[in-house]
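**Student:** fold the following for me, if possible:
(chains A, B, C and D)
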Number of protein chains: 2
Amino acid sequence: MDLLNKDGLTEREFLEQYRAGDYERPSVTTDMVIFTVTEEEADSYRKLPEKELRVLLIRRGGHPFLGKWALPGGFVRPNETTEQAAVRELSEETGVEDVYLEQLYTFSDIGRDPRTWVISCSYMALINSGNLEIKAGDDAADAAWFKVSFRPLREQKELIEDGYIKTLEYELRLSSEEEELTAVVAKTMTTKTTSTGTDYEIVSNDGLAFDHAKIIACAIERLRGKVNYTDIALHLMPKFFTLTELQQVYEVITDKELLKAAFRRKVADLVAETDHYTENAGHRPSRLYRRNWRIDDDL
Amino acid sequence: MDLLNKDGLTEREFLEQYRAGDYERPSVTTDMVIFTVTEEEADSYRKLPEKELRVLLIRRGGHPFLGKWALPGGFVRPNETTEQAAVRELSEETGVEDVYLEQLYTFSDIGRDPRTWVISCSYMALINSGNLEIKAGDDAADAAWFKVSFRPLREQKELIEDGYIKTLEYELRLSSEEEELTAVVAKTMTTKTTSTGTDYEIVSNDGLAFDHAKIIACAIERLRGKVNYTDIALHLMPKFFTLTELQQVYEVITDKELLKAAFRRKVADLVAETDHYTENAGHRPSRLYRRNWRIDDDL
DNA sequence: GGAATAGTGTCTGTGAGACACTATACT
DNA sequence: AGTATAGTGTCTCACAGACACTATTCC
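**Tutor:** Below you'll find the model as predicted:
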């Protein structure tokens, strides 16, 4: 195909003479929301340990936001995709190589980075609790797993000209052994006759860098949404697990208690029995399950 | 807060002396998948016209991909967000101001633009058929609405070491009055014990520029997924519509026939009766409905 | 035996799929 | 009267919520 453009050039000639324009370009970064599930020691040795949803944060060692906590991430380099950058960051930060990775959303608010024009393509990663020994290292001043709590705080509905605005405020609370960070994120849904839009906004923020409260909120909402109609939660499980453990993971993600019988029916197709059982638990042993390859993996 | 970094600078001092590094930066564009629904004239004047799902494409007037069809889009400028860029493009291309807009996915494959390093943040827009008079203009050499067909072509499952790979091939067929474009897009889902990943790939492509076949496939999948559990389809409807029209829109999006009674039950809460009826249709008139503001707008 | 969890059985209500039936304007 | 669509009633089946009951190990 040798079509000529208005300057009489073929595509090959055009590309050879092409010079990237002098338009200003943004920096592009990836930010990673890395979730895992840990166990909190129970008060009685006979009781089961409680599960916690945790997210990895890194304390910033330089300006801006010096001393604040941020999501792991970094600049996307030439000749790599945003996803490859995410994989690279993940490996640098946690040493984990093979995890569930999903693109979340691209944030581009002006001024989101006080230094310069930075667009961030965010990813969510799920690491199974078995791989958790690895703690982040070299690059960052300090890294820690923060327990996640994300609860609705306030709801408001306001009528406007030809529709309404619904605002939902969530409290995001992140706690590590030493520190507790709190932010309030407002989700604003504008519904008009013709259009609809959703917008996130940080109402208050104590201890998180950049717009990372928003990104974490976005990740939690995605995770909560997907838990109920995909097998995504299984990526947070070790190779063998009990159904009660799996149920606890569902509960800690959705922040809702579930009924045992119904839960077991629901996940029946996602898991496969093994012939192994837990031992020395102080009570009846529990059958161990493993992940089952689903026949109908639609998403 | 006057923390000093390792060079002894406060955050303000740091920002004042900060110069954007000489790292290479990508260009960032937005590409828009703009859907609407049109009516095809029926063979008999008494029959109802058939609905069609259509997408707006623009014929490229310069290299690369001269003469091929591309999604409307353009570079994101400094001091605007990707979303603002999308709104701007949409307005330039169609004149429409107030529509449903949703971020889809950010594409960053290396070499996706033969000129230079370009990352594209894609958006989906839904325009109601009432606003359709506006046809694209000035900027583009040529613009047209293409009827969309997106059907599964082939399915394959392959076992690997510790999991399996499922490949789903879709045929994307886009037809305007003058032209027909065809592409085959493969969706590859890799499921392993630890990780899971989904990847799109263009198998064949006749007439579409860049990786836009992928972006359109992504948009159709999103639209199909959301139709069944949100009121997203109502953004494709004019202010007043009949339930049969709404049903046809659902059918044309999902490519499935629905049962009338069940459909009406399902959308009952999304619409509100009016006292108006269709007229002179050659048969019994139909009640007109309008969109209803949902009480529980979760997404 | 008591504590704690594992695991199963079943009732009930809701809602989607399927199908049949009635209603009504326009030619 | 005939055509084409509008709109409703109801049966059935699947399934989730709710709750109760039995089972099993360890101390």
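**Student:** helices and strands around the helix or strand hosting A:Ala125, which ones?
**Tutor:** According to DSSP states H and E, A:Ala125 maps onto strand A:118-126. Identification of packing neighbours for strand A:118-126 by 3 or more C-beta pairs under 8 Å, 6 or more residues apart in numbering or on different chains; DSSP states H and E yields strand A:27-40, helix A:82-94, strand A:100-107, helix A:212-227. C-beta: built from backbone N, CA, C; applies to glycine.
**Student:** run the chain-centre distance for the longest one.
**Tutor:** Put simply, helix A:212-227 sits 6 Å off its chain's centre (C-alpha atoms, centre = their mean, to the nearest Å).
**Student:** contacting residues for the closest residue to DNA strand C within the stretch 101-250 of chain A?
**Tutor:** Proximity to DNA strand C, evaluated over the stretch 101-250 of chain A using C-beta to the nearest atom of the strand, is greatest for A:Thr244 at 3.4 Å. Counting by C-beta atoms under 8 Å, 6 or more residues apart in numbering or on different chains, A:Thr244 touches A:48, A:260, A:286.
**Student:** picking that back up, partners of the strand holding A:Ala125 in the sheet?
**Tutor:** Note on strand A:118-126: by DSSP bridges, its sheet partners are strand A:27-40 (parallel), strand A:100-107 (antiparallel).
**Student:** distance from the shortest one to the middle of the chain?
**Tutor:** So that's strand A:100-107. With C-alpha atoms, centre = their mean, you get 8 Å for strand A:100-107.
**Student:** where along chain A do the helices fall?
**Tutor:** Along chain A, the stretches classed as helices by DSSP state H are A:11-17, A:82-94, A:212-227, A:243-254, A:260-267.
**Student:** now the ones you listed as CSV including mean pLDDT?
**Tutor:** Output for the helices of chain A, formatted as CSV (pLDDT from 0 to 100):
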stretch, mean pLDDT
helix A:11-17, 73
helix A:82-94, 93
helix A:212-227, 97
helix A:243-254, 97
helix A:260-267, 96
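**Student:** so which of those helices comes closest to B:Asp109?
**Tutor:** Minimum separation from B:Asp109 across these (C-beta to C-beta) falls at helix A:82-94, 9.3 Å.
**Student:** thinking again about what came up before, now the helices and strands packed on strand A:118-126 in TSV, with mean neighbour count and distance to DNA strand C?
**Tutor:** As requested, those are exported to TSV (neighbours: other C-beta atoms under 10 Å in any protein chain shown; distance: least, C-beta to the nearest atom of the strand, whole Å):
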stretch	mean neighbour count	distance to DNA strand C
strand A:27-40	22	13
helix A:82-94	21	29
strand A:100-107	21	25
helix A:212-227	21	19
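**Student:** Throw those into TSV and include distance to A:Ala186, thanks.
**Tutor:** Converted to TSV, these look like this (distance: least, C-beta to C-beta, whole Å):
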stretch	distance to A:Ala186
strand A:27-40	19
helix A:82-94	27
strand A:100-107	16
helix A:212-227	10
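**Student:** out of those, flag the one nearest DNA strand D.
**Tutor:** The nearest among these, by C-beta to the nearest atom of the strand, is helix A:212-227 at 12.8 Å.
**Student:** just the CA trace of the closest one, in CSV.
**Tutor:** The C-alpha coordinates for helix A:212-227 follow below in CSV (Å, rounded to 0.1, in the frame of the first residue of the first chain):
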residue,chain,number,x,y,z
HIS,A,212,-3.2,7.9,46.8
ALA,A,213,-6.2,7.9,49.1
LYS,A,214,-8.3,8.1,46.0
ILE,A,215,-6.5,5.3,44.3
ILE,A,216,-6.8,3.0,47.3
ALA,A,217,-10.5,3.8,47.5
CYS,A,218,-10.8,2.9,43.9
ALA,A,219,-9.0,-0.4,44.4
ILE,A,220,-11.2,-1.4,47.4
GLU,A,221,-14.3,-0.6,45.5
ARG,A,222,-13.1,-2.7,42.5
LEU,A,223,-12.1,-5.6,44.8
ARG,A,224,-15.4,-5.5,46.6
GLY,A,225,-17.4,-5.4,43.4
LYS,A,226,-15.5,-8.3,41.9
VAL,A,227,-15.4,-10.6,44.9
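**Student:** identify the residues contacting it?
**Tutor:** Surrounding helix A:212-227, the residues in contact under the criterion C-beta under 8 Å, 6+ apart are A:31, A:33, A:35, A:55, A:69-71, A:102, A:104-105, A:107, A:120, A:122, A:124, A:148, A:150, A:170, A:172, A:174, A:183, A:185, A:187, A:200-202, A:205, A:208, A:232-233, A:250, A:253-254, A:299, B:299.
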